[in-house]
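K.L.:
need coordinates for the below:
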Amino acid sequence: MSNTYVSEKRYIHRLLSKNSVSEEVLIVTSYDYFLQKYDLALLLKKYKEIILIPHSSDDDYLLNHTVRPMLDKFEKIHLVTNPQYDRRNRVIYELVVRKNKSIRINTVYDFCEKILKKVYIPDDVSEINPNLLSLPSFGKRVRYPKKIIDVCISIILFLCTFPLWILSYFRIKMQSPGPIFYYQERVGMNNEAFKCIKFRSMRLDAEQNGASFSKKNDSRTFSYGSFMRQTRIDELPQLINIFRRDLSLIGPRPERQVFTETFDETIPYYNMRHNIKPGITGYAQVMYSYGAGVFDARHKLMYDLYYIKNWSLYLELKIILLTAVVILRKRGR
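P.N.:
Residues are numbered from 1 along each chain as shown. Presented below is the predicted three-dimensional model:
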């Protein structure tokens with residue numbers, strides 16, 4: 001990503017592109033937490049400059065002493081607004097129009113879905129995303145092709161990876177005596193619990209201090225366990241879950257109830273991800289880097305809900321291809 005990062009006085013953050021051929025400038029007036037490195041890299045190919053205006057307790061100073069002189073430099077502006085900051089948006093719009101400059105406006109809700117290919121999840125549980133007033137479960141038009149893909153690819157994967165099952169059996173036995181498989185209760189479709197099956201990659205005492213998120217380069221794994229996690233070999237037994245109809249090949253990652261209960265309370269629309277079957281892999285898993293906790297769960301939810309809302313055969317196959325790339329590059333968690 002060829003750009004420079006500049007902090008503008010007290011509030012404004014600017015990203016300057018060196019490669020964009022466009023003269024248009026992007027101004028985001030809503031809180032910018034929904035943007036990650038991948039998004040910024042994409043946007044810097046489309047815009048000459050990106051200006052992020054985060055939350056402020058002093059909008060008058062921000063608009064009059066920072067934004068107003070900045071607008072004099074730009075002729076074409078793409079303004080991304082959030083209805084929460086209606087006054088701020090009106091002031092910027094009036095400043096631009098008064099100077100006879102070109103402007104186009106999108107809400108942050110539409111901008112996320114159309115440009116970034118994810119759904120905007122508010123930071124505050126009191127904020128409503130009008131694009132998420134309803135999110136139906138998959139109908140027959142989606143369920144049937146997904147079921148065909150699930151069964152066909154699962155059978156092929158099982159036959160092709162059977163030698164890895166045998167190898168993993170002996171390597172686990174050698175390095176960490178105990179059960180080969182690890183059964184963990186996860187939350188599935190309609191909030192129903194099921195037993196998720198994996199090759200055991202951690203020591204038997206991994207959770208003696210209680211449930212916790214797994215981590216990148218987790219110290220609780222043994223040598224072959226760490227390799228399995230990097231290459232996703234530990235996920236292979238979840239093919240059994242697909243045959244049991246607990247899981248789909250593609251879908252939101254199933255989480256443990258102890259975590260989903262917390263996320264339901266702190267992340268708007270989180271429970272909507274349970275409208276469909278969870279998956280071994282998913283859009284969030286290939287688009288968002290490893291992370292744990294509420295912040296990362298919110299970011300992953302943006303991709304999960306986009307997948308549910310905008311499902312297509314093309315998107316399904318794209319996720320399968322991207323998953324293969326992740327595995328080959330050993331970018332597993």
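K.L.:
can you pull the phi and psi angles for residue 70?
P.N.:
The phi/psi pair for residue 70 (degrees, to the nearest 10) reads phi -70, psi -40.
K.L.:
that one contacts residue 12, doesn't it?
P.N.:
Yes - with contacts defined as Cβ atoms under 8 Å, residue 70 counts as touching residue 12 at a distance of 7.4 Å. Quick note: C-beta positions are derived from backbone N, CA and C, even for glycine.
K.L.:
list residues touching both of these two?
P.N.:
Between them, residue 70 and residue 12 have residue 51 as joint contacts when contacts are counted by Cβ atoms under 8 Å, 6 or more residues apart in numbering.
K.L.:
apart from its neighbours in sequence, what residue is nearest residue 285?
P.N.:
Among residues not flanking residue 285 along the chain, residue 253 sits closest, at 6.0 Å (Cβ to Cβ, 6 or more residues apart in numbering).
K.L.:
swap in residue 124?
P.N.:
Of all residues not flanking residue 124 in the chain, residue 268 sits nearest, at 7.7 Å (Cβ to Cβ, 6+ apart).
K.L.:
secondary structure element for that neighbour?
P.N.:
When secondary structure is defined by DSSP states H and E, residue 268 falls outside every helix and strand.
K.L.:
next one: residue 78
P.N.:
Secondary structure from DSSP H and E places residue 78 in strand 76-81.
K.L.:
tell me the mean pLDDT over that strand?
P.N.:
Strand 76-81 carries an average pLDDT of 88.
K.L.:
what's the offset of it from the middle of its chain?
P.N.:
24 Å (Cα atoms, centre = their mean, to the nearest Å).
K.L.:
now do stretch 29-44
P.N.:
A distance of 13 Å separates the centroid of the chain from that of stretch 29-44, by Cα atoms, centre = their mean.
K.L.:
which stretches of the stretch 1-150 of the chain aren't confidently modelled?
P.N.:
Of all residues in the stretch 1-150 of the chain, those with pLDDT under 70 make up the ranges 1-11, 31, 55-59, 61-62, 85-86.
K.L.:
what angle do strand 76-81 and the next helix or strand after the strand holding residue 78 make with each other?
P.N.:
Proceeding C-terminally, strand 76-81 gives way to helix 86-98 as the next helix or strand, assigned by DSSP H and E. In terms of direction (axes from the mean of the first three to the mean of the last three Cα atoms, to 10 degrees), helix 86-98 departs from strand 76-81 by 170 degrees.
K.L.:
can you give me the buried ones in stretch 65-82?
P.N.:
Buried residues in stretch 65-82, counted by 16 or more other Cβ atoms under 10 Å: 66-67, 70-71, 74, 77-82.
K.L.:
let me redo that: stretch 107-126
P.N.:
Within stretch 107-126, the residues that count as buried by 16+ other Cβ under 10 Å are 107-109, 111-113, 115-123.
K.L.:
of those, which belong to strands?
P.N.:
Taking DSSP state E as the definition of strands, the buried residues of stretch 107-126 contribute residue 107.
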